[in-house]
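In: got a predicted structure plus its sequence, pasted below:
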Amino acid sequence: MTTGAIQWGFADEGEEVPECYQTRATPSEDDVPVYGLLSRTLIHSPVVKKILPARIRRQDLNDVVFIGETYIELHLLTPLGKLQKVGSKTDIGAEIRDACVFGAKRPIQFSPGSPETGLSEGRGDSDEDIKSRLPAEILAMTTDAGYLQFVYARDCDEQGQVDFVVSRRRIDNRGVHPSHLGKCIAVDPQSRAMAVAAYQDYFRVYSLHPMEELQRQIAEGLPLNPIKEERTFAVHGCFVVHMEFLYTSDIEHVIIILFLIESVRRSSFPSKSQIIFFDVSGLLIEIH
């Protein structure tokens, strides 16, 4: 039963209900409970947690992704410097914890087409060509449902907007727990690896397939799977405050920097903070 923007949940028959949750309303029917518990709102929060430049639709378009709490919005940057909303995805079904973008490097350019709409003049591709083509970049995001999701978009002329393509990978249990992975996500500047961290004690590094391999998967109709290999690392007794990959002059090295704070006080002094560097190049089987 819903009322306006509120969703209610009911206790089982015979279950004791605290007095603070009881109501004095008289039910219209005998089988309708006389009390309800507020679980969540049906209207998405307008809060935008992150804004990412992301060419997840076509290589020749400068798209920007707004990351909300439970939704994403795709906007086009036009030559006039305006943002035009072209699509949104609101059925994620969980709260987004963090997001990043990986893929091929592209030169800075304005989106083709008219200054007002930014729509390309050459949109005569067949449906088969569009479905078998991978964009320059892919959006990766973690959710409190315990999934790592990979998202890209396709133009959809019938609806006038875009169609989002999503693949998921289970990385931890559902819910937010200090040791559950997904608190933050980072990607190597050359898109060779990606890392996901928990609030404390753990982080995991993924070796990524090159974009050519991902293009082959899409062309053959296979589910998108960017992950080649994974390995979990422990930083016991520490909160993971921030995690980031470093730019390196040596293409053979992949280095992660973590800013950690001790989670347990060992004396009357404040908890210590520390910065740790991880060279994960030799810890994964293969970094392309």
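Out: Done, it's in. What you are looking at is a predicted structure, and each value in this text was computed from that prediction instead of being measured.
In: so who does Val280 touch?
Out: Counting by Cβ atoms under 8 Å, 6 or more residues apart in numbering, Val280 makes contact with 193, 205, 231, 254-256. Bear in mind the C-beta positions are built from the backbone N, C-alpha and C, glycine included.
In: report the buried members of the residues you listed.
Out: Neighbour counting by 16 or more other Cβ atoms under 10 Å classes 193, 205, 254-256 among the contacts of Val280 as buried.
In: Asp91 - how many residues pack around it?
Out: The number of residues packed around Asp91, counting by other Cβ atoms under 10 Å, is 9.
In: kindly report the same for Phe150.
Out: Look at Phe150: counted by other Cβ under 10 Å, it has 21 neighbours.
In: dump the buried ones among the contacts of Val280 into CSV; add secondary structure as well.
Out: What follows is the buried ones among the contacts of Val280, written out as CSV (DSSP: H, G, I helix; E, B strand; the rest coil):
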residue, secondary structure
Ala193, strand
Val205, strand
Val254, coil
Ile255, strand
Ile256, strand
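In: tell me which element the residue nearest to Ser191 when sequence neighbours are not counted falls in.
Out: Leaving aside its chain neighbours, Ser191 sits nearest to Phe102 (4.2 Å; criterion: Cβ to Cβ, 6 or more residues apart in numbering). When elements are assigned from DSSP states H and E, Phe102 belongs to strand 96-103.
In: which other helices and strands contact that strand?
Out: Strand 96-103 is packed against strand 48-53, strand 63-68, strand 137-143, strand 184-187, with contacts defined by 3 or more Cβ pairs under 8 Å, 6 or more residues apart in numbering; DSSP states H and E.
In: for His242, which of those strands is the nearest?
Out: strand 184-187 (7.1 Å; Cβ to Cβ).
In: could you list the paired strands of that closest one along with their orientation?
Out: strand 193-197 (antiparallel) (DSSP bridges).
In: then the strand it pairs with to PDB, C-alphas only?
Out: Output of strand 193-197 as PDB, limited to C-alpha atoms (Å, rounded to 0.1, in the frame of the first residue of the first chain):
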ATOM      1  CA  ALA A 193      43.600  -1.900 -13.700                       C
ATOM      2  CA  MET A 194      40.900  -0.800 -11.300                       C
ATOM      3  CA  ALA A 195      40.700  -1.000  -7.500                       C
ATOM      4  CA  VAL A 196      37.700  -1.100  -5.100                       C
ATOM      5  CA  ALA A 197      38.100  -0.500  -1.300                       C
END
